[in-house]
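Participant: Give me coordinates for this.
(2 chains)
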Amino acid sequence: MYVAVKGGERAIENAHAWLAEERRGDTSVAELSLSQIREQLSLAVNRVMAEGSLYDPDLAALAIKQSRGDLIEAIFLIRAYRTTLPRFGATLPVETGEMACDRRISATFKDAPGGQVLGPTFDYTHRLLDFKLAADGELPEAPTAEPRQEPTPHITEFLQGEDIIQREPVSEETPGDLTREPMQFPSNRPLRLQSLTRGDEGFVLGMAYSTQRGYARNHAFVGELRIGRCAVEMEIPELGFAIEIGEIELTECETVNQFTGSKTEPPQFTRGYGLVFGQSERKSISMALVDRALRWEELGEDNLGAAAQDEEFVLSHCDNIQATGFLEHIKLPHYVDFQSELELVRKLRREAEERTSEQLGAIAAQEAAE
Amino acid sequence: MSNYNFAYLDEQTKRMIRRAILKGLAVPGYQVPFASREMPMPYGWGTGGVQVSAATLTPEDTLKVIDQGADDTTNAVSIRKFFERTAGVETTEETEQASVIQTRHRIPEAKLREDQILVYQVPIPEPLRFLEPRETETRKMHSLEEYGLMHVKLYEDISQHGAIATSYAYPVKVEDRYVMDPSPIPKFDNPKMEMAAIQLFGAGREQRIYAVPPYTKVVSLDFEDYPFEATKAEHACDLCGAEDSYLDEVIVDDAGNRMFVCSDTDYCRSRRGAGHVGRLAQEEVA
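Facilitator: Down below sits the predicted model:
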């Protein structure tokens, strides 16, 4: 009658085999190749690289394939792999002002040196299902032109010239590393930005949206959004100078926020900043808005008690690998805790019943006496 | 798995974790922040315990992994396999044989020895967390030894329910200084924490390690007129007849009949091996 809870090991192995089969799906349908995922699901690849904190499109494609398209699972695979990699050193900061832009827009100036370049954007597509794509994805070549050669300086530099936008404090201090030291509060802006750039896109989007809807509202203009490739340089000790070791695609967003001044700061524009791996527009804009909201203290603004202003709240909950792990752990057995709760609730009920029957008995006795 | 270092983590990381462990042992009950790594199992599934075990294991060790007291629960199996693959250490289900025991939610029934290490998996290391959600506040409360809030909570339990309504993860005070979360073990296990073995606690997601050295004073919080009581189901084990072990309640038929069995599977098995027989043991054999 009692079936001992045995066989966990075999159950796990069989579950893994079944999972592999499900991942492959109907074998009469051709298998996905990593290059197909990398080339044709590139925005998913970008998200996995950004939140996985590892710039490697091929590994991200593998993770997406292995995770059956569950991007949080794919991000998890990348993070777990990333921790095992040795560190050879750090690159120089990337110079985003020298980015080879595929896209570069400003919502604050009609035109600016370097021009507005729409690039490959969904923005003005009509969201109508393209049934032709279901049958055949072949398409005519897109028109091309000579790339513009002039430099594309950051738009906010023009505001800086007029001294009408807040100057960022200059620091020679090496920023902390979120992945090497435990996060402690109060934190600082470099660590906040590190946390936001690998934070869950949905969470950061929701936080940013909440500021737009009035929870610590600070109206943001997209001063500039740029997507393109940046050279990555590293100083090689044996050489004594920096060489280019590759390039990465980045999305950078600088918001310009109105600011009427505080006790410590004059009226001026202020900024929020977002920088994310790959083409990740929604994420980088969201990041910039949340960054700006979290700067309330530095700018002498009031704490309005909004979630997006609360560093500990935002940073403790934006990591989807931490969140999903803890959320899903409640699937694990909890018989022991539950057993102790069962006994406690039974005991409390028993005592409550005894008290009630004592009271009823006392009332009955009193009535009988009367 | 030859691409990975012994016990998965690189030596630098292990050194960082060992430093945290040593600090934890030097300041019993104090939560030491450490730079927890992403592990190949999810946060909340024992990553803290796994990192502490990885930093503790040597090739000569024998490892036992239990979850809910049992060696064969799925997550215990998974963690044991992880170390079999990455460390190649001996594993055992016998408490006696193990030098390192990683556990979730239980302390083994058998008395642990000085040459053993018990590693707990901890979900929320902060005993004050559900009274005060902010880490900045709770750290301040610990440093000022300001535990009034916890006593008020226990008092309110008594005034509302007539008893302290905490049955697991029951808070303890270590060496008269830090209030500590013993991890979600049933309060039945609390008195066992004054033991000969080293107790290490790892919380991966929350990036904390803490420790209780051997023979350290561990007191479950209570009041003089409402003393702490270690409770269990008022039954004997239906398989081995033990009256001193923590029991799981199992529903056995459609009529809702129950049986009670030791949650510590090794304890139950060794008792049966020694000839102890519980109420329903015969039927199981048949």
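Participant: what's the helix or strand for A:Thr270?
Facilitator: Assigned by DSSP states H and E, A:Thr270 falls within strand A:270-277.
Participant: should've said A:Arg226
Facilitator: Using DSSP H and E, A:Arg226 sits in strand A:220-236.
Participant: What strands line up against that strand, and which way round?
Facilitator: In its sheet, strand A:220-236 lies beside strand A:100-105 (antiparallel), strand A:241-257 (antiparallel), with partners assigned from DSSP bridges.
Participant: Return the residues in contact with A:Leu43.
Facilitator: The contact partners of A:Leu43, taken as CB atoms under 8 Å, 6 or more residues apart in numbering or on different chains, are A:278-280. Just so you know, the C-beta spots here come from the backbone N, C-alpha and C atoms, and that holds for glycine as well.
Participant: swap the cut-off to 7 Å and go again
Facilitator: A:Gln279 (CB atoms under 7 Å, 6 or more residues apart in numbering or on different chains).
Participant: I'd assumed it was in a strand, is it?
Facilitator: No. Read with DSSP: H, G, I helix; E, B strand; the rest coil, A:Leu43 is helix and lies in no strand.
Participant: Show the pLDDT at it.
Facilitator: Looking at A:Leu43, its pLDDT is 98.
Participant: Look at A:Met358 and report its pLDDT.
Facilitator: Actually, residue A:358 is Glu rather than Met. Confidence for A:Glu358, expressed as pLDDT, is 86.
Participant: Number of residues surrounding it?
Facilitator: 10 (other CB atoms under 10 Å in any protein chain shown).
Participant: What residues sit buried inside the helix or strand harbouring it?
Facilitator: Using DSSP H and E, A:Glu358 maps to helix A:335-369. By neighbour count with 16 or more other CB atoms under 10 Å in any protein chain shown, helix A:335-369 contains the buried residues A:335-341, A:343-344, A:347.
Participant: between those, which is nearest A:Gln359?
Facilitator: Set against A:Gln359, the nearest of the buried residues of helix A:335-369 by CB to CB is A:Lys347 (19.0 Å).
Participant: before we move on, back to that, give me the distance from the helix or strand following the strand holding A:Thr270 to the chain's centre.
Facilitator: With elements assigned by DSSP H and E, the helix or strand that comes after strand A:270-277 is helix A:281-294. Centroid separation for helix A:281-294 versus its chain: 10 Å, with CA atoms, centre = their mean, to the nearest Å.
Participant: And for stretch A:252-262?
Facilitator: Mean C-alpha position of stretch A:252-262 versus that of the full chain (CA atoms, centre = their mean) differs by 21 Å.
Participant: residues in contact with it?
Facilitator: For stretch A:252-262, using CB under 7 Å, 6+ apart, the contacting residues are A:96, A:108, A:154, A:156, A:159, A:165, A:218-226, A:267-275, A:284-285, A:288-289, A:292, A:299-301.
Participant: likewise stretch B:253-271?
Facilitator: Stretch B:253-271 is contacted from outside by A:2, A:336, B:68-72, B:93-95, B:106, B:108-110, B:233, B:235, B:237-240, B:242, B:245-252, B:280, using CB under 7 Å, 6+ apart.
Participant: Type out the PyMOL command that picks the buried ones from those.
Facilitator: PyMOL command restricting those to the buried ones, with burial defined by 16+ other CB under 10 Å:
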select buried, (chain A and resi 336) or (chain B and resi 68+69+70+71+72+93+95+106+108+109+233+237+238+239+240+242+245+246+247+248+249+250+280)
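Participant: Give me the neighbour count for the residue of the stretch 151-300 of chain A found nearest chain B.
Facilitator: Distance from chain B to each residue of the stretch 151-300 of chain A (CB to the nearest CB) is smallest for A:Pro182, at 3.9 Å. Other residues within reach of A:Pro182, judged by other CB under 10 Å, total 15.
Participant: what's the answer for the one 3 residues further on, then?
Facilitator: Burial of A:Phe185 is recorded as 14 neighbouring residues (other CB under 10 Å).
Participant: And the strands in the stretch 51-200 of chain B?
Facilitator: B:62-67, B:90-91, B:100-104, B:117-121, B:172-174, B:178-180, B:198-203 (DSSP state E, counting those that start in this stretch).
Participant: any idea how far B:Ile185 is from B:Gln199?
Facilitator: Taking CB to CB, to the nearest Å as the measure, B:Ile185 falls 11 Å from B:Gln199.
Participant: who's in contact with the residue nearest the centre of chain B?
Facilitator: In chain B, the centroid-proximal residue (CA atoms, centre = their mean) is B:Tyr120; its distance is 4.2 Å. Contact analysis of B:Tyr120 by CB under 7 Å, 6+ apart lists B:49, B:103, B:183, B:199, B:201.
Participant: Next one: the third one from B:Ala211, what distance?
Facilitator: Right, B:Ser183. According to CB to CB, B:Ser183 and B:Ala211 sit 12 Å apart.
Participant: Among those two, which residue is more densely surrounded?
Facilitator: Using other CB under 10 Å as the criterion, B:Ser183 and B:Ala211 rank with B:Ala211 on top: 29 against 26.
Participant: how many neighbours does the residue nearest to that one when sequence neighbours are not counted have?
Facilitator: Closest residue to B:Ala211 apart from its sequence neighbours, by CB to CB, 6 or more residues apart in numbering or on different chains: B:Gly24 at 3.5 Å. B:Gly24: 25 surrounding residues under other CB under 10 Å.
Participant: low-confidence ranges in chain B?
Facilitator: Applying pLDDT under 70 to chain B picks out residues B:1-3, B:282-286.
Participant: show me where it has helices.
Facilitator: Secondary structure of chain B, counting by DSSP state H: helices at B:11-26, B:47-56, B:74-86, B:135-143, B:148-161, B:265-273, B:281-285.
Participant: Highest mean neighbour count out of the ones you listed?
Facilitator: Highest mean neighbour count of the helices of chain B: helix B:47-56, a mean of 26 (counted as mean count of other CB atoms under 10 Å in any protein chain shown).
Participant: any bit of it sitting next to chain A?
Facilitator: No. Against chain A, helix B:47-56 shows no contacts by CB under 7 Å from any CB of the partner chain, the least distance being 7.6 Å.
Participant: Now do that helix: which elements does it pack against?
Facilitator: For helix B:47-56, the elements it packs on are helix B:11-26, helix B:74-86, strand B:100-104, strand B:117-121, strand B:198-203, judged by 3 or more CB pairs under 7 Å, 6 or more residues apart in numbering or on different chains; DSSP states H and E.
Participant: What angle do helix B:74-86 and it make with each other?
Facilitator: Helix B:47-56 and helix B:74-86 are oriented at 30 degrees to each other (axes from the mean of the first three to the mean of the last three CA atoms, to 10 degrees).
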